[in-house]
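Asks: predicted model and sequence follow; I will ask about them next.
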2 protein chains.
Amino acid sequence: MTKVNVIVTPKGSILDPHGSAAKKALCGRGYPVDEIRVGKFISVTVPEEDSAKAKALVDELCRVLLVNQLMEDYRLEVEE
Amino acid sequence: MTKVNVIVTPKGSILDPHGSAAKKALCGRGYPVDEIRVGKFISVTVPEEDSAKAKALVDELCRVLLVNQLMEDYRLEVEE
């Protein structure tokens, strides 16, 4: 079993209402915040011992379902 | 300015309907997946040059607003 973490971030040109709302709330309370962007952190455990194969499989899962590539970027990190 | 990334994950004992739905959809298409857990990846940019101070500030922001510590765990990574 290998756990691969997928870090999904909104593309720079895409509005991020979740992040804007968090920034506004924190600035309203007096905290100094320049920018907040909210993405997803997805941990995928697959029944594959070879980390390169596990990464390739999770990359396919991202393209098939987990990531909307029109609006989001992603990167993969194999957890040792 | 320092960017601090916050990785927010659902606590192990908490149901994760988003992850369960993704797992079910992928297994239904024939992909071998053991578990999917979906959390958040929050990038916070603060006007602070000292990375230890930036991390302490973002830790406070997590406790004040960004993280629900009843249901979620979090960890911080300063982006160099």
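Replies: Sure thing, it's come through.
Asks: next, A:Ile7: phi, psi?
Replies: A:Ile7 adopts backbone torsions of phi -100, psi 110, taken as degrees, to the nearest 10.
Asks: quick check: A:Pro32 vs chain B, distance?
Replies: 5 Å (Cβ to the nearest Cβ, to the nearest Å). In short, each C-beta sits where N, CA and C put it, glycine included.
Asks: residues near that residue, how many?
Replies: The local packing of A:Pro32 (other Cβ atoms under 10 Å in any protein chain shown) involves 10 other residues.
Asks: which residue packs closest to it, ignoring adjacent ones?
Replies: Excluding its sequence neighbours, the residue lying closest to A:Pro32 (Cβ to Cβ, 6 or more residues apart in numbering or on different chains) is B:Pro47, at 5.3 Å.
Asks: which residues touch the one you found?
Replies: A:Pro32, A:Asp34, B:Met1 (Cβ atoms under 8 Å, 6 or more residues apart in numbering or on different chains).
Asks: is it true that the last one touches A:Asp34?
Replies: So the one you mean is B:Met1. Yes - with contact defined as Cβ atoms under 8 Å, B:Met1 counts as touching A:Asp34 (6.1 Å).
Asks: overlap in contacts, these two.
Replies: Shared contacts of B:Met1 and A:Asp34, counting by Cβ under 8 Å, 6+ apart, come down to B:Thr45, B:Val46, B:Pro47.
Asks: and of these, the nearest to chain A?
Replies: Nearest to chain A among the shared contacts of B:Met1 and A:Asp34, counting by Cβ to the nearest Cβ, is B:Thr45 at 4.2 Å.
Asks: ok, what's across the strand from that closest one?
Replies: Going by DSSP bridges, B:Thr45 is paired in beta bridges with A:Glu35, B:Lys3.
Asks: what comes up buried for stretch A:63-80?
Replies: Using 16 or more other Cβ atoms under 10 Å in any protein chain shown as the test for burial, stretch A:63-80 gives A:Leu66, A:Val67, A:Glu72, A:Tyr74, A:Leu76.
Asks: now the end-to-end length of that stretch.
Replies: End-to-end distance of stretch A:63-80 (Cα to Cα, to the nearest Å): 23 Å.
Asks: assumed A:Lys53 was part of a helix.
Replies: Yes - the assignment for A:Lys53 by DSSP: H, G, I helix; E, B strand; the rest coil puts it in a helix.
Asks: so what's the residue count around it?
Replies: 12.
Asks: distance of it relative to A:Glu60?
Replies: Relative to A:Glu60, A:Lys53 is positioned 11 Å away (Cβ to Cβ, to the nearest Å).
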